[in-house]
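Engineer: output the structure for:
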Amino acid sequence: MRGESGEARNPAPGAAVPARADVVVAGAGPVGLFAALLLARAGADVVVLERRTRRSGHSRAIGIHSPALAALESAGVAADLVAAGVRIPGGQARCRGRLLAELSFEPVPGPYPFVLSLPQAETEGMLERHLGRAGVEPRRGVEVTGLRRVAKGVVLQTNWGEIEARFVVAADGARSVVRDAAGIAAPVRTYPDAYVMGDFAETSGREADARAVLYLESAGVVESFPLPGARRRWVVRTGRRAGEPELDALVEAVRRRTGVVLDPGSNTMLSAFGVRRRIAEQFSAGRVALVGDAAHEISPIGGQGMNLGWLDAVALAPHLLSGLSGDEVGPRLESWAAQRRAAARAAAQRAHLNMALGRPVPGLLLPVRNGLLGSVAAVPSLHDAVARTFTMTSR
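Structural biologist: Here you go, the predicted model:
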């Protein structure tokens with residue numbers, strides 16, 4: 001077995017898998033942990049398998065949207081997350097030092113009229129603690145290598161032996177081994193967009209609040225989001241493919257495009273990433289269901305991916321529980337899969353529009369784009385529709 005850096009490693013102690021379970025969840029990221037928590041709290045015998053021997057401290061996803069918070073509330077987690085995170089009540093669009101538009105999430109219906117900012121590593125830690133209270137600990141160092149279908153279930157093959165489950169939930173990421181072993185195709189589309197992001201100490205002045213800020217500059221977008229602990233995440237669109245991120249280049253790009261001066265010494269995270277779109281051709285095959293990035297990988301711009309996965313899981317759980325009670329769930333799983341695939345396609349389209357909005361704009365078109373944004377924000381019905389779109393709220 002090999003680690004993420006390629007070096008040989010041994011599976012974590014205690015990783016041995018049981019012979020059978022009601023549901024096996026492959027992947028202990030935020031979506032897999034949440035799916036397991038929903039099922040375990042309902043009384044299912046759940047086993048969570050995770051290839052990594054330890055949880056990653058890297059946090060790409062930070063935004064938790066209103067519908068996802070409502071889903072997390074059903075598992076008893078939302079209150080703890082809200083207490084730990086920063087509530088983003090809205091945002092601004094700026095260009096060349098001028099305010100173009102303001103967006104408030106106050107019109108978003110429900111108890112969570114905001115986007116919650118919390119690093120993914122903290123979210124995962126909280127989900128794992130809640131899952132432990134439900135009697136389930138992820139079995140780390142266990143790598144799925146294949147599967148075979150049996151009469152009323154699925155046998156997963158791993159580096160620590162086989163485990164038979166009545167259902168398998170694949171939450172093992174965009175390069176899902178379970179998806180491939182189940183014979184589900186997931187064609188990939190790559191985009192020319194690339195980004196560098198980093199976390200820094202909060203700056204003074206107009207950034208010293210809980211709003212998100214989009215700097216829609218001619219050279220490309222700069223995004224700024226508050227984090228817990230008086231910190232802020234900065235995301236810069238670059239003009240080249242994502243490679244090894246450079247701290248000085250990120251700080252200089254932010255200064256040049258926005259006028260905000262970041263302290264390089266306060267940087268705690270630095271990452272570069274490109275953009276892919278990968279939507280599985282089907283989200284279920286027999287008793288295997290795909291959730292999260294295993295089902296749909298979309299642009300992280302707009303912060304929909306993790307939230308979309310949680311909504312996959314909360315919609316899936318009742319069908320699996322019904323199947324465990326002896327009901328025939330084949331048609332229901334197919335219906336769930338069709339609905340979630342449609343939701344993923346809609347999210348991918350929103351992500352495409354978000355990326356297009358942040359691309360470089362020729363000087364002559366810049367005032368046209370900026371004027372259009374201001375006009376949309378000034379119309380209450382359009383403003384509210386945009387707020388619902390940004391928070392993934394359907395109504």
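Engineer: which residues in the chain form helices?
Structural biologist: Taking DSSP state H, the helices of the chain run over residues 30-41, 66-73, 78-84, 120-133, 177-181, 247-258, 305-324, 330-357, 366-378, 380-390.
Engineer: wait, what's in contact with Glu122?
Structural biologist: By CB atoms under 8 Å, 6 or more residues apart in numbering, the contact set of Glu122 is 59, 84, 228. Backbone N, C-alpha and C define where each C-beta goes, glycine included.
Engineer: these two touch, right, Ala289 and Phe167?
Structural biologist: Yes - using CB atoms under 8 Å, Ala289 is in contact with Phe167, at 7.0 Å.
Engineer: mutual contacts of the two, please.
Structural biologist: Common neighbours of Ala289 and Phe167, using CB under 8 Å, 6+ apart, are Leu320.
Engineer: which ones are touching the nearest residue to Gly85 once chain neighbours are set aside?
Structural biologist: Distance criterion CB to CB, 6 or more residues apart in numbering; nearest residue to Gly85, sequence neighbours excluded, is Leu118 at 3.5 Å. Contact partners of Leu118, counting by CB under 8 Å, 6+ apart, are 62, 64, 81, 84-86, 228.
Engineer: tabulate these (JSON lines), appending distance to Val254 and neighbour count.
Structural biologist: Below are the contacts of Leu118 laid out as JSON lines (distance: CB to CB, whole Å; neighbours: other CB atoms under 10 Å):
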{"residue": "Ile62", "distance to Val254": "17", "neighbour count": "27"}
{"residue": "Ile64", "distance to Val254": "25", "neighbour count": "28"}
{"residue": "Leu81", "distance to Val254": "28", "neighbour count": "19"}
{"residue": "Ala84", "distance to Val254": "27", "neighbour count": "15"}
{"residue": "Gly85", "distance to Val254": "23", "neighbour count": "24"}
{"residue": "Val86", "distance to Val254": "20", "neighbour count": "20"}
{"residue": "Pro228", "distance to Val254": "21", "neighbour count": "13"}
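Engineer: without its sequence neighbours, what residue ends up closest to Glu124?
Structural biologist: Leaving aside its chain neighbours, Glu124 sits nearest to Pro30 (5.3 Å; criterion: CB to CB, 6+ apart).
Engineer: how far away is that neighbour from Leu72?
Structural biologist: Pro30 sits 10 Å away from Leu72, going by CB to CB, to the nearest Å.
Engineer: which neighbours do these two share?
Structural biologist: Residues touching both Pro30 and Leu72 (CB under 8 Å, 6+ apart): Trp310.
Engineer: rewinding a little: neighbours around the residue nearest to Glu124, how many?
Structural biologist: Counted with other CB atoms under 10 Å, residues neighbouring Pro30 total 27.
Engineer: show me what the longest strand that the chain contains is packed against.
Structural biologist: In the chain, taking DSSP state E as the definition, the longest strand is strand 188-201. Applying 3 or more CB pairs under 8 Å, 6 or more residues apart in numbering; DSSP states H and E, we find strand 188-201 packed against strand 231-238, helix 247-258, strand 269-279.
Engineer: in this protein, what secondary structure element scores lowest on mean pLDDT?
Structural biologist: Every helix and strand in the chain was compared by mean pLDDT, DSSP states H and E; the lowest is helix 380-390, with a mean of 78.
Engineer: what's the angle from that helix to helix 366-378?
Structural biologist: With axes from the mean of the first three to the mean of the last three CA atoms, to 10 degrees applied, the angle from helix 380-390 to helix 366-378 works out at 100 degrees.
Engineer: which positions in helix 380-390 come out as buried?
Structural biologist: Residues of helix 380-390 classed as buried: 383-384, 386-388, 390 (neighbour count, 16 or more other CB atoms under 10 Å).
Engineer: model confidence over stretch 326-343, on average?
Structural biologist: Averaging pLDDT along stretch 326-343 yields 96.
Engineer: contacting residues around that stretch?
Structural biologist: Counting by CB under 8 Å, 6+ apart, 279-280, 282-284, 286, 289, 295-296, 308, 311-312, 315-316, 319-320, 322-323 sit against stretch 326-343.
Engineer: the helices and strands packed on strand 188-201: which one's closest to Val188?
Structural biologist: Among these, strand 269-279 comes nearest to Val188, with 4.7 Å by CB to CB.
Engineer: now for that closest one, which elements pack on it?
Structural biologist: Packing partners of strand 269-279 (3+ CB pairs under 8 Å, 6+ apart): strand 188-201, strand 296-297, helix 330-357.
Engineer: buried ones in it?
Structural biologist: 269-273, 275, 277-279.
Engineer: what angle sits between that strand and strand 188-201?
Structural biologist: Using the same axes, to 10 degrees: strand 269-279 against strand 188-201 is 160 degrees.
Engineer: partner strands of strand 269-279, parallel or antiparallel?
Structural biologist: Using DSSP bridges, strand 269-279 pairs in its sheet with strand 188-201 (antiparallel), strand 296-297 (antiparallel).
Engineer: export it as CSV, just CAs?
Structural biologist: The C-alpha trace of strand 269-279 is given here as CSV (Å, rounded to 0.1, in the frame of the first residue of the first chain):
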residue,chain,number,x,y,z
MET,A,269,-2.6,27.6,3.9
LEU,A,270,-1.5,27.9,0.2
SER,A,271,-2.9,25.9,-2.7
ALA,A,272,-3.3,26.0,-6.4
PHE,A,273,-6.0,24.2,-8.4
GLY,A,274,-7.4,23.8,-11.8
VAL,A,275,-11.0,23.0,-12.8
ARG,A,276,-12.6,19.8,-14.0
ARG,A,277,-16.2,18.8,-14.6
ARG,A,278,-17.0,15.1,-14.1
ILE,A,279,-20.6,13.9,-13.8
